[in-house]
Every structure is written in structure tokens, then in C-alpha cells.
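Asks: task: produce atomic coordinates for the following.
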Amino acid sequence: MSKTALILVDIQNDYFAAGAWPVALMNEVAENAALLLAHARASGLGVVHIRHETPLGAPFFQPGTEGAEIHPRVAPIGNEPVLTKHRPNSFFETGLLDLLREAGIDTLIICGAQSQMCIDATTRAAVDHGFKVILPHDACGAKEAAFGGVTVPPEMVQAAFMAPLAASYAKVMTTQDVLALV
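Replies: Below you'll find the model as predicted:
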């Protein structure tokens, strides 16, 4: 039997419509993440909240601002760990790996934002560290991206990142399927 933990990545106020760096469908992402969180709490699964802080002058997640706070829909309670990161990879200089290993965790459910940055980096790092990963794609949010004069809409960014993660890194499924599985 696996020991599973839910990792909620960067579900912070700046990613919502009134925030400094809105991510498409973030309300739906938070709603699905809240369902996963309620299930994890009721089932006794591990829960870890990850929040991102950026260097001074960055356009979002500035230390000490309301925008950098975890959204109330998925706010931590009790002794749920909250780790602060400064890079996309939630394992980098956060203590996450030690926390998970000490708890005997072998499977992670990862959700949050942005799919093309922190979700991708955290999922790949998790697998590199030997964890199995379940990725509820509808509890992950992508932002539009631009490169070389081409702007890519968020739904295409989401598909472009979920496809390779599903091919080699994670079991990618809906929130409802995850809830039925764990």
C-alpha cells in the first residue's frame, strides 16, 4: 500500500483574476484543489502547501504582500506544513524531500499553478527523486505564453505540458478520477 501526500503548489492570490499575474481558469483549479484537499484531510493523506516568493521588483508573489499569500479556498489548517520556495522546483532548497522521506511518502498528488512552470518542474523533480506522481490536470492552471512572436493560449499551453508529463512522468487524470482512486 502506498503512502500518499497531496502537494498544493502556488495556489496564491496573485494568480486569481484580481491578482497581479492572473492564470486562466484559476477559480476552477482552486475548486478542484479544494476537493482534493478535503479528501486528503478526511482520508488522512499527507498535505503540504507550497508558496512561491519572488525577488524584489518581480511582477507578482512579492514577499509580505497579500498576493503572495495562499488563497483562502485551500488555506492550510492545523499543522499542515507550508514551505516557501524561490524557484519553480518545489524541492529546491525547501526541505520538501526530507519532509516526504521522513513521512515514508512514495506517491504524490501534485496540483496548482502554473502547469508550464512550477507544476512541470516539481513533477519532473519528484520522479527524479523516486516518487510516483498523480497529476489531476483540471486542478492545475496554465497561463498564456509568448515566444518568437507567437502567443500561445492557456489551453494549448496546458495541453503542451500535460502531454509529455502523461507520457513519461505522471498518471495524468481528472480530479474526479483521482478522488475515486485514492
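Asks: drop to CA atoms for contacts and neighbour counts, all remaining ones
Replies: OK.
Asks: tell me the gap between the lengthiest helix in the chain and the middle of its chain.
Replies: Criterion DSSP state H: the longest helix present in the chain is helix 26-43. Per C-alpha atoms, centre = their mean, to the nearest Å, the displacement of helix 26-43 from the mean C-alpha position of its chain is 11 Å.
Asks: got the contact list for the nearest residue to residue 140 once chain neighbours are set aside?
Replies: Spatial nearest neighbour of residue 140, chain neighbours left out: residue 112 (4.6 Å); criterion: C-alpha to C-alpha, 6 or more residues apart in numbering. The neighbours of residue 112, taking C-alpha atoms under 8 Å, 6 or more residues apart in numbering as the test, are 8-11, 29-30, 33, 119, 139-141.
Asks: go through the longest helix of the chain and flag the buried ones.
Replies: Within helix 26-43, the residues that count as buried by 16 or more other C-alpha atoms under 10 Å are 26-27, 29-37, 40.
Asks: can you check stretch 155-162 too?
Replies: 157-158, 161-162.
Asks: please enumerate the strands of this structure.
Replies: For the chain, the strands defined by DSSP state E cover 4-9, 46-52, 82-85, 107-113, 132-136, 140-141, 145-147, 150-152, 171-173.
Asks: now the angle from the fourth one to strand 4-9?
Replies: Using axes from the mean of the first three to the mean of the last three C-alpha atoms, to 10 degrees, the direction of strand 107-113 lies 20 degrees away from that of strand 4-9.
Asks: tell me the strands beside strand 107-113, with direction?
Replies: Using DSSP bridges, the strands paired with strand 107-113 are strand 4-9 (parallel), strand 132-136 (parallel), strand 140-141 (parallel).
Asks: give me whichever of those strands is most buried.
Replies: Mean neighbours per residue, mean count of other C-alpha atoms under 10 Å, is largest over the strands paired with strand 107-113 for strand 140-141, with a mean of 28.
Asks: so for it, what's the average pLDDT?
Replies: Strand 140-141 shows a mean pLDDT of 98.
Asks: off-centre distance for it?
Replies: On the basis of C-alpha atoms, centre = their mean, strand 140-141 sits 7 Å off its chain's mean C-alpha point.
Asks: same question, stretch 146-153
Replies: What separates the centre of stretch 146-153 from the centre of its chain is 24 Å, taken as C-alpha atoms, centre = their mean.
Asks: tell me how far the ends of it are from each other?
Replies: 9 Å (C-alpha to C-alpha, to the nearest Å).
Asks: could you list the buried residues of stretch 49-63?
Replies: 49-53, 60-62.
Asks: picking that back up, need the strands of the chain in TSV (columns: distance to residue 20).
Replies: Formatted as TSV, the strands of the chain follow (distance: least, C-alpha to C-alpha, whole Å):
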stretch	distance to residue 20
strand 4-9	17
strand 46-52	14
strand 82-85	18
strand 107-113	14
strand 132-136	25
strand 140-141	15
strand 145-147	16
strand 150-152	20
strand 171-173	29
